[in-house]
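quick one, structure for this:
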Amino acid sequence: PNIEEKLKEYSNTLIQQIDTMSSIASAFSNFAEMPAQQNETLNVVKIVKLALDIFNEDYIHFLAEEEEIIAKLDRTQLIRVVTNLIKNATQAIADVSSPRVLVSVAKEKGYVKISVADNGVGITEENREKIFEPKFTTKNSGMGLGLGMVKNIVETYKGSINFTSQANKGTVFCVKFPTEN
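As a prediction, this is how the structure comes out:
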């Protein structure tokens, strides 16, 4: 009988709960700042290949121009960057009839470039600006911390991350790390 009153009451409760959860998530992400870097001289090609090992989808392909590209990075954080980008790509191609993800590593004037390309849904114009924002997500699971964290790691190493995307054609994320410090 008093549906409007109840609806308003439930809506307010929900909004309060969401705000509470959001502040808890913020507290967690502030608390869980990146662990101290264990910088080591790594063969980026080998580590990216290693990161691919946890994915067994046969539509994920790997391409490297050289067998060895050396950079000083934290192994765990490099793996985290790569797995996050691949996971996003696999989610973007969930409804594509012939899915494809290509991960490539190349040398580029003082940088090592890691690209993750997919033929998925693409990133809408309205989401492009928000894509690296913490807690932004288009998925119904996860906390939306992935790309924000990736950007953090990349910038810590004076690297860069960018992407190009076309609706229903796919997206390419490019990460560059300096090879000389």
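
and Val48, that's in a strand?
No - read with DSSP: H, G, I helix; E, B strand; the rest coil, Val48 is helix and lies in no strand.

the closest residue to Lys46 other than its chain neighbours in helix, strand or coil?
Among residues not flanking Lys46 along the chain, Glu68 sits closest, at 7.6 Å (Cβ to Cβ, 6 or more residues apart in numbering). Every residue, glycine included, has its C-beta placed from N, CA and C. Using three-state DSSP, the structure places Glu68 in coil.

ok, residues contacting the strand or helix carrying Thr83?
Assigning secondary structure by DSSP states H and E places Thr83 in helix 75-92. Helix 75-92 has contacts (Cβ atoms under 8 Å, 6 or more residues apart in numbering) with 34-35, 37-38, 40, 42, 44, 47-48, 50-52, 54-55, 57, 60, 99, 101, 103, 114, 116-118, 120-122, 139, 146-147, 149-150, 153-154, 170-171, 173, 175, 177.

buried subset of those residues?
For those, a neighbour count by 16 or more other Cβ atoms under 10 Å gives the buried set as 42, 44, 47-48, 51-52, 55, 60, 99, 101, 103, 114, 116-118, 120-122, 146-147, 149-150, 153-154, 170-171, 173, 175, 177.

those in helices, which ones?
Val44, Ile47, Val48, Ala51, Leu52, Gly146, Leu147, Met149, Val150, Ile153, Val154 (DSSP state H).

what's the burial count for Gly159?
Neighbours of Gly159 under the rule other Cβ atoms under 10 Å: 20.

tell me who's in contact with it.
Gly159 sits next to Tyr111, Val175, Lys176, Phe177, Pro178 when contact means Cβ under 8 Å, 6+ apart.

that one and Ala64, how far apart?
For Gly159, the distance to Ala64 equals 18 Å [Cβ to Cβ, to the nearest Å].

cool, and Thr179?
For Thr179, the distance to Ala64 equals 14 Å [Cβ to Cβ].

could you pull up the residues touching Trp57?
To be clear, residue 57 is Glu; Trp isn't right here. Contacts for Glu57 (Cβ under 8 Å, 6+ apart) come out as Thr90, Pro99, Val101.

so who does the last one touch?
Which is Val101. Glu57, Tyr59, Ile60, His61, Ile86, Ala89, Thr90, Ile93, Val116, Ala117, Asp118.

show me what it bridges to in the sheet.
Val101 has the following beta-bridge partners by DSSP bridges: Ile60, Asp118.

any idea of the pLDDT on it?
Val101 is assigned 96 on the pLDDT scale.

again with the first one
If you check Thr90, the pLDDT there is 91.

make 422 the starting number, not 1.
Happy to do that; since the first residue is 422 now, the last one works out to Thr511.

what is the neighbour count of it?
Neighbours of Thr511 (other Cβ under 10 Å): 18.
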